[in-house]
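>>> Give me coordinates for this.
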Amino acid sequence: MHLDVIIGVSKNNKSGACDVNDIEKLGSDPKVVELFKLKKDEVIFDDDSDIFITSGSTGKPKYAVHTHFSVINGVKGMFYYLEGMPNKENRRIILGLNTAHISGEGSGVLSPLVASMTSVFAPPVYNIKQIVQTIQNERCTDVLFLITYLYDMLNFKDIGEYDVTSLDICLTGGSNIPPKLAKDFEEKFACKILIAYASTEMMVPSISSPWDPLEARCSGVRILPNAEIQLVDDDGKCVPLGSNGEIWCRCCSNFQRYMGNDEQTKAAKSPHGWFKTGDLGVFNAAGVLSIVGRKKDMIDRGGIKIFPADIENVLSQHPSIEQVQVIGVPDERLSEEICICLRTKKNAIIEKDQIVSHLTGKVRLEESVPGYVLIFDSFPKSITGKIDRMSLTKQAIDRIQSKVQ
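Below you'll find the model as predicted:
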């Protein structure tokens, strides 16, 4: 990759970097304005406009190239949603996500802009206290949060000192949300949880409906007007209604290519324009899509397919468990074994037999007895703040192997 210009946003930019404040001032420079007028007619809608870095949660981060056409149409999907919000001219959206990531720019900057709503920018370095302060001071009505941020806000010990009663909607995504977490957040903050199913490559093709009850909002999303989604088997054929399949998305907001990697681009896109998400989902009769999990995350335990989210959703309701991730680890006899990774609540102690007891009768028998239970102080996170399952799996395997040895 060749870089011509580096733009810094901090007070202590490195030598050779342009300051973002100087870039902003150029907008009123008569010479720059004149140059823009000369150049704007040379730009067409199929030209590259943005390069977004993926979170790296499925491997090394990739550089997804979008065109003016895909970005504008990706914004249009969120615009339809925001445009229908009541009292939209008085809504203030606080962006808890990085604006350099597609969720930040598309959902937090451009969409509110075209919907005539106000965007509020949280401090560039994530800090839940500063975010809560900003919600109070700016009287924010909507927040864009990763699911890990919901945990942080719920457990922020000084939350009672702040007035966050202006909150109305919390739009989140990036991974499955445990039902108990959503319920606790809504009850504590009187704030409705909505789930967006999105990715760097396709932007936001679907979102849960604000008019659905909580259980429906947390378990499924509805397809936006500018998108098509199909569920396919390993041969790329559509699966029957009610069956699990890999989610393929075709929409006018799909990315163009991975920069400098034609092989990955070809593997991710079908000849007919479908983006192969690598996610597993299931449609119900009403056309609501439920996300089952990542295809790569599915655990093959002795030939039985186990979806981590099924176990995670049950364990998240245990009173001693703060956060849970279920992963597969290598096993000589079964191919893969279930490993439950936990963060417990303060001063809580939980044993393996308690976990088995809590799972029994709520999941399938083969899902109720994990091979390993590991306690973590914290989970590793990707550059976008999502839990890094690859790093977590490596840490878990290292801990298991050290005990065996």
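>>> for the protein, which spans come out with low pLDDT?
For the chain, the stretches flagged by pLDDT under 70 are 1-3, 9-14, 56-59, 80-81, 83-84, 97-100, 383-384, 404-405.
>>> In it, which residue is most central in space?
With distances taken as Cα atoms, centre = their mean, the chain has residue 174 as the residue nearest its mean C-alpha position (1.5 Å).
>>> Walk me through the domains of the chain.
Residue ranges of the domains in the chain are recorded as 7-42, 48-294, 299-404, according to automatic domain parsing.
>>> And the first one, what's buried?
The neighbour-count criterion (16 or more other Cβ atoms under 10 Å) identifies residue 8 as the buried residues of domain 7-42. To be clear about C-beta, it is placed using only N, CA and C from the backbone, and glycine gets the same treatment.
>>> can you tell me the distance between the two ends of that domain?
Domain 7-42 stretches 24 Å from its first residue to its last (Cα to Cα, to the nearest Å).
>>> mind starting the numbering at 10 from now?
In the new numbering, first residue 10, that becomes domain 16-51.
>>> Now do the contacts for residue 254.
Contacts here follow Cβ atoms under 8 Å, 6 or more residues apart in numbering; on that basis residue 254 touches 239-242, 247-248, 289-291.
>>> run the last query once more with 10 Å
If you count contacts by Cβ atoms under 10 Å, 6 or more residues apart in numbering, residue 254 has them with 239-243, 245-248, 288-292, 301, 304.
>>> Let me see the contact set for residue 293.
If a contact means Cβ under 10 Å, 6+ apart, then residue 293 has 225, 228-229, 250-251, 299 as its contacts.
>>> Then residue 118?
Under the criterion of Cβ under 10 Å, 6+ apart, the contact partners of residue 118 comprise 84, 102, 104, 108, 128, 130.
>>> got the residues you listed as TSV, with distance to residue 400 and secondary structure columns?
TSV is the format used below for the contacts of residue 118 (distance: Cβ to Cβ, whole Å; DSSP: H, G, I helix; E, B strand; the rest coil):
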residue	distance to residue 400	secondary structure
84	32	helix
102	31	strand
104	26	strand
108	25	coil
128	32	strand
130	29	strand
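>>> List only buried entries from the residues you listed.
Buried residues within the contacts of residue 118, counting neighbours by 16+ other Cβ under 10 Å: 84, 102, 104, 108, 128.
>>> Can you redo these as a markdown table, where the extra columns are distance to residue 143?
Formatted as a markdown table, the entries for those read as follows, by distance: Cβ to Cβ, whole Å:
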| residue | distance to residue 143 |
| --- | --- |
| 84 | 24 |
| 102 | 12 |
| 104 | 10 |
| 108 | 15 |
| 128 | 12 |
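>>> Relative to residue 278, which of the residues you listed is nearest.
For the buried ones among the contacts of residue 118, the closest approach to residue 278 (Cβ to Cβ) belongs to residue 84, at 21.3 Å.
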